[in-house]
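**Q** just coords:
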């Protein structure tokens, strides 16, 4: 599912440009936490 972030599959690194705001930096962490809570089929 596209959640408007780019995270590498194997390194769990967020890729952001230097102009990224503080609010946008916090967004991937929340999305990553939500993804970990989703059940796996």
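**A** In hand now; what should we look at? Quick caveat: nothing in here was measured; it's all calculated off a predicted structure.

**Q** Mean confidence (pLDDT) on stretch 23-37, please.
**A** Stretch 23-37 shows an average pLDDT of 81 in the prediction.

**Q** Quick check: buried residues in stretch 29-41?
**A** residue 31 (16 or more other Cβ atoms under 10 Å). In short, each C-beta sits where N, CA and C put it, glycine included.

**Q** and the residue nearest in space to the middle of the chain, what helix or strand is that in?
**A** Nearest to the geometric centre of the chain sits residue 28, at 3.0 Å (Cα atoms, centre = their mean). According to DSSP states H and E, residue 28 maps onto helix 22-37.

**Q** correct me, but residue 5 touches residue 26?
**A** No. Using Cβ atoms under 8 Å, residue 5 is not in contact with residue 26, being 11.3 Å away.

**Q** tell me which strands and helices the helix holding residue 28 is in contact with?
**A** Judged by 3 or more Cβ pairs under 8 Å, 6 or more residues apart in numbering; DSSP states H and E, helix 22-37 is in contact with no other helix or strand.
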